[in-house]
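**Student:** Take this sequence and fold it.
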Amino acid sequence: MKNLVKIFLTLSFSVFLGCKALGQKFTTHSVKQNETLYSISKRYGVSQDEILKYNKELKKGEPLSINTILVIPNAGEVSALPERTETTKRNNEPVDGAVEELVNRIINDSVVKHEPIGFVNHRVGKKETLYGIAKEYGVTEEEIKKYNKELYSSQLKRKMVIRVPKYKKVDNDQNTIDVGDYEKYVVAPKETRWSIAHKYGITIDSMLVLNPSLSKTSNYLQVGYELLLPKIAGTSVDNQETQLYTSYTVPPKMNFYRLEKEFGVKSDEVVRLNPEITERGGLKEGMVIRLPETKLNPGEINTENYIFYEVKPKQNEFRLTRKFGMSWEELIQLNPELRAGLKAGMVLKLPKNQAGDFEVRNSLVLDKISLLDSINVDNKPKIMFLLPFRLDKLDLNNRETVEWTIENRNSLKYSLGLYSGALVALDSIKSLGISVDVKTFDNRLDLQRTKEILQRENLGSYNAIFGPLDILSLKEASTQAAGYNLPVIAPVPAKSDISLGNVFFSYTEEETLREHMLKFVTEKRKDENIIIIADAENIAVKDTILNKFPTAKIIEVKEEEENIGINRDKLELQLSEELGNWVFVESDNFKLISSVVSILNSFNNSVLDIENPDANKVMVRMFTTDKNNAFDNEVISSTHLSNLRFTYPSVYRDAPSDSFVKRYKARFGDIPDKFAVRGFDLTYDLLLKLAYKNDLLEVSKYIGETQYSGSKFDYEKDISSGYYNKASYIIGYDNMFIKELE
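**Tutor:** Purely as a prediction, here's the structure:
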């Protein structure tokens, strides 16, 4: 306990420092392609030296990195000049030639800003949203926020009067798209953005520009959704119902013989499809010609048949063939467009069962990236810790009272554990050469206090918020941070009734844990006898297990006013002597669990047939899909659980004696509890990702599962909400030890 008091005093000092507010006004700016320090200084009306003063990582005369977040001083007093964005690019690669003209037109029309010719005062009505008001007046949400600065940090409220800008109408004829060059495509089942991009030979960036209504943060694509896509080259040629065509740039020294060998097409067919060959006196280097390609059925390129990979910058033929364990000829056979050259952003299809040094999620190949080997010491993350330390309720001069409070107040116990582990993570990341700016605040489990802290801070200068713990403060943090695309990390279990699109729910949900457990049992089961024991509170769980194992046997739970239990004789009749018996116990009642554990243990290795002592012994193994606190009650025998090889899904595993544990003991003189382990893992994962790329939302699109001392993380973006951790462990008792089984 004395060690916790030491941690607490450390926290007190950190929180005190963290509560200082800045008097200077700031905004932030994300560096775009081709922007310079000079152009940004002109845009905001501040000097280059002022920008350099508040962005120490910058050096005068050096080029700016795209997506770097700059702090701009005095921006609240200066109107930003109109900004023009260049053609959408991915890692400096140009947008596909097939859609480049349209892309330029869309971007130029939608991004080049124009000044309002007036304003309309709008009084916010009941249940009105910013989205709805913007639609009503034909403007964007960002345009409304620009002239109502308070909406960047607070929600729209009823009876609020806001200024809605009015703009001069643009002649629609100037923006007409030639519909002959594009077509509507209806998304079929089992198709993804990547499968469709591959089918049309475009990049994901081009698809997003052509279809601005698609989400930029989620990869979800609804069946039946209509996409605008460029017509595939050659669809104006006769017999298009049975034939597709691909565009091909003629390389040096190409002739008709080689074309026939590579594409299986006769010279007269090539000339018929490309009359310009005759006009120009034969094949010429640099010519773009049309070549026939076997047409695929609309549903053939989908997640049922293929997995997909988006080519990264600087990848070459050698790297790809080595990565996928395929020859270049095999890759070309699947992806004929590779003949024209390998380019970043291309979407390649691969066989469904292709194995290699990669992870596949939702049929998309994710690169396995070693974050430790990929850190960029120029990235300097800034993190806010927002936790309920409740310093206002503690007398630091009374040690006994402080120790009692720490032991008995869960919010304080969780906060101290999480933060003590986080401090060790900060030490660890510092030793790797990464500088981290940290500010820590005590929100006191108070919503109003949380609002004050968030409104006082320049949220645009942060890279992530760790906490809060209570759901109301979490909602508030998410809402205020959303305007800055600022991620919020929920370190403990949290459920919300509203969409929190920028929240990372780090604690794996019960449903996901249950799915993992049932998948494990399905894979391990041979012919074992499945039995389910579930009380009235867990009927839905029983039905889920029964749906997975339709032949499972059900044991009724008797629930009376003072007693709860099962009939031992009825259970005995359901046990098999020839097969193993796998029993699911689903309950939050420690009395029922204790009784069932005792009964199951009495059967394990017993002989049911007294007249035949040589009969097979009964083998019983116990499972649950939800190991809640009731299973940890002291009345339940650990020896019995070990005998039953009790198996369950878990967010945690026992931390090995690794470098973290050693660092923790060296700093605090004690071994870390599970909250400290969790605090270290969460913070270290966050910092490594930000050290790799200073944008957690972007990193989470292509970083798969990560694992640390006692936790692992595998975030997936939900369609309508935030990022959910899908990773978990399968844990089991074995000879009085608790082990990880997968």
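
**Student:** List the contacts of Arg667.
**Tutor:** By Cβ atoms under 8 Å, 6 or more residues apart in numbering, the residues touching Arg667 are Leu423, Val424, Asp427. From N, CA and C alone the C-beta is placed, and that goes for glycine too.

**Student:** Restrict these to the buried ones and give me that as a PyMOL selection.
**Tutor:** With 16 or more other Cβ atoms under 10 Å as the criterion, this PyMOL line picks the buried residues out of the contacts of Arg667:
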select buried, resi 423+424
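
**Student:** Check the gap between Ala340 and Val311 for me.
**Tutor:** According to Cβ to Cβ, to the nearest Å, Ala340 stands 13 Å off from Val311.

**Student:** neighbour-wise, which of those two wins?
**Tutor:** Using other Cβ atoms under 10 Å as the criterion, Ala340 and Val311 rank with Val311 on top: 21 against 15.

**Student:** roughly how far apart are the more buried one and Leu426?
**Tutor:** As judged by Cβ to Cβ, Val311 and Leu426 stand 36 Å apart.

**Student:** now do Lys712
**Tutor:** Distance, Lys712 to Leu426, by Cβ to Cβ: 21 Å.

**Student:** repeat for Leu391
**Tutor:** Counting by Cβ to Cβ - Leu391 and Leu426 are separated by 20 Å.

**Student:** Counting residues, what is the longest helix that the protein contains?
**Tutor:** Longest helix of the chain, by residue count under DSSP state H: helix 410-430.

**Student:** for the very next helix or strand once past it, packing partners?
**Tutor:** Using DSSP states H and E, the helix or strand that follows helix 410-430 in sequence is strand 437-442. Secondary-structure packing of strand 437-442 (3 or more Cβ pairs under 8 Å, 6 or more residues apart in numbering; DSSP states H and E): helix 2-18, strand 382-387.

**Student:** which non-adjacent residue is nearest Lys312?
**Tutor:** Ala344 (6.2 Å; Cβ to Cβ, 6 or more residues apart in numbering).

**Student:** wouldn't the one you found be in contact with Pro313 here?
**Tutor:** Yes: with contact defined as Cβ atoms under 8 Å, Ala344 counts as touching Pro313 (4.4 Å).

**Student:** And the two? Which one has more around it.
**Tutor:** With neighbours defined as other Cβ under 10 Å, Ala344 and Pro313 compare such that Ala344 has more, 17 against 11.

**Student:** From Phe713, how far out is Asn379?
**Tutor:** From Asn379 across to Phe713, the span is 19 Å (Cβ to Cβ).

**Student:** Next secondary structure after the helix or strand of the chain with the lowest mean pLDDT?
**Tutor:** Among the helical and strand segments of the chain, the one scoring lowest on mean pLDDT, DSSP states H and E is helix 100-111, with a mean of 40. Downstream of helix 100-111, the next assigned helix or strand under DSSP H and E is strand 118-123.

**Student:** ok so, going back, among the contacts of Arg667, which one lies nearest to Ala188?
**Tutor:** The nearest member of those to Ala188, counting by Cβ to Cβ, is Val424 at 50.1 Å.

**Student:** Surely the closest one is in contact with Phe680?
**Tutor:** Yes: with contacts counted by Cβ under 8 Å, Val424 reaches Phe680, the gap being 5.3 Å.

**Student:** between the two, what contacts are shared?
**Tutor:** Residues touching both Val424 and Phe680 by Cβ under 8 Å, 6+ apart: Phe660, Tyr664.

**Student:** thinking again about what came up before, closest one to Gly580 out of the contacts of Arg667, please.
**Tutor:** The closest of the contacts of Arg667, once distances to Gly580 are taken by Cβ to Cβ, is Val424, at 43.2 Å.

**Student:** from the chain's centre, how far out does stretch 512-520 sit?
**Tutor:** Remark: stretch 512-520 is offset 20 Å from the chain centroid, using Cα atoms, centre = their mean, to the nearest Å.

**Student:** Quick check: buried residues in it?
**Tutor:** Result for stretch 512-520 [16+ other Cβ under 10 Å]: buried residues Thr512, Leu513, Arg514, Glu515, His516, Met517, Leu518, Phe520.

**Student:** and what of stretch 636-646?
**Tutor:** Within stretch 636-646, the residues that count as buried by 16+ other Cβ under 10 Å are Ile636, His640, Leu641, Ser642, Asn643, Leu644, Arg645, Phe646.

**Student:** Among these, list the two that are farthest apart in space.
**Tutor:** Spatial extent of these (Cβ to Cβ) is set by the pair Ile636 and Arg645 at 15.0 Å.

**Student:** one step back: using JSON lines, please lay out the buried residues of stretch 636-646 together with secondary structure, distance to Lys266 and pLDDT.
**Tutor:** Shown next, in JSON lines, are these (DSSP: H, G, I helix; E, B strand; the rest coil; distance: Cβ to Cβ, whole Å; pLDDT from 0 to 100):
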{"residue": "Ile636", "secondary structure": "coil", "distance to Lys266": "79", "pLDDT": "95"}
{"residue": "His640", "secondary structure": "helix", "distance to Lys266": "78", "pLDDT": "94"}
{"residue": "Leu641", "secondary structure": "helix", "distance to Lys266": "74", "pLDDT": "94"}
{"residue": "Ser642", "secondary structure": "helix", "distance to Lys266": "74", "pLDDT": "92"}
{"residue": "Asn643", "secondary structure": "helix", "distance to Lys266": "76", "pLDDT": "92"}
{"residue": "Leu644", "secondary structure": "coil", "distance to Lys266": "73", "pLDDT": "94"}
{"residue": "Arg645", "secondary structure": "coil", "distance to Lys266": "68", "pLDDT": "94"}
{"residue": "Phe646", "secondary structure": "coil", "distance to Lys266": "70", "pLDDT": "96"}
